[in-house]
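1. sequence first, predicted coordinates after that:
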Amino acid sequence: MILRPHPRQRIDRQSLGAEGAPLLVIDNLVSDPERLVRRAAARHFVGQQSMFPGIRTPAPLSYQGFLQQLLTPLLPEFGMTPGRFAYPMAHYSLVTQAPGTLAFLQRVPHIDSVSANGLATVHYLFRGDWGGTAFYRHRRTGFESIDEARREEYFHCLEDESRGEHAPPGGYIGGDTELFERIGQVEGVFNRMVVYRRNSLHSGDIDNERVPPPDPITGRLSINTFIDVLPG
């Protein structure tokens, strides 16, 4: 399938917290987002061995080429130079896991990589109030992102906190807690995409009172990608 940018595409440049990590919010991403939804509805979604709380299926291969064309001129926003894009992940995603079944690491913000050179995107393809993406600061360390130098300290603290009195109860994180402070939030708007560094602490905003259905048409459908920019 051929993907084209929407003629009224709009880019909002933001930064996160005290560390100032870049964040791009791109509205009206593709010209015909409904085609992507229809394609998802025809695919078979499966459960994940990762910590993702739901089901996934690969996105169209053409989506990767579309992202490279879109994001290459925006790489300087993240201190990166153009190169060849590699995609460790490019999947349709549906959040479906019940709040009471979440493991500890699913109940707190997470990172996707310790590398500041990796990007993540979330392209929201749902209508309705299924929530967007939030970004956090770990209160005990003050970290808003986790690189290789911070990895050991952060995860040691997190392991200790998982056994403490302020360990989060069952359910998705929603806003400030005893362990984390929310420093940014992007609403889930149909055909909007958010782009951020994979080592920024983040989490989906999921309503614990209303679990999305496992249906690409009515559920919390998104396309999630991880991007590594390699030397050309």
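-> That came through, no problem. The model shown is predicted, which means the values in this text are computed figures rather than measured ones.

2. neighbouring strands for the helix or strand bottoming out on mean pLDDT in the chain, and are they parallel or not?
-> Lowest by mean pLDDT, DSSP states H and E among the helices and strands of the chain is strand 46-47, with a mean of 94. Sheet pairing of strand 46-47 (DSSP bridges) gives strand 54-58 (antiparallel).

3. mind saving the C-alpha coords of the strand it pairs with as CSV?
-> Provided in CSV are the C-alpha atoms of strand 54-58 (Å, rounded to 0.1, in the frame of the first residue of the first chain):
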residue,chain,number,x,y,z
GLY,A,54,-1.8,-6.7,24.7
ILE,A,55,-1.7,-8.1,21.2
ARG,A,56,0.2,-7.2,18.0
THR,A,57,0.6,-7.9,14.3
PRO,A,58,3.2,-6.5,11.8
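
4. now do that strand: distance to the chain's middle.
-> The chain centre lies 14 Å from the centre of strand 54-58; the measure is Cα atoms, centre = their mean, to the nearest Å.

5. could you check that strand and say which residues are buried?
-> For strand 54-58, the neighbour count (16 or more other Cβ atoms under 10 Å) marks G54, I55, R56, T57 as buried. All C-beta atoms are positioned from the backbone trio N, CA, C, and that covers glycine.

6. kindly report the same for stretch 163-171.
-> Residues of stretch 163-171 classed as buried: P168, G171 (neighbour count, 16+ other Cβ under 10 Å).

7. beta partners of the spatially most central residue of the chain?
-> The centroid of the chain falls nearest to V122 when counting by Cα atoms, centre = their mean (5.0 Å). Here V122 sits in beta bridges with V194, N224, going by DSSP bridges.
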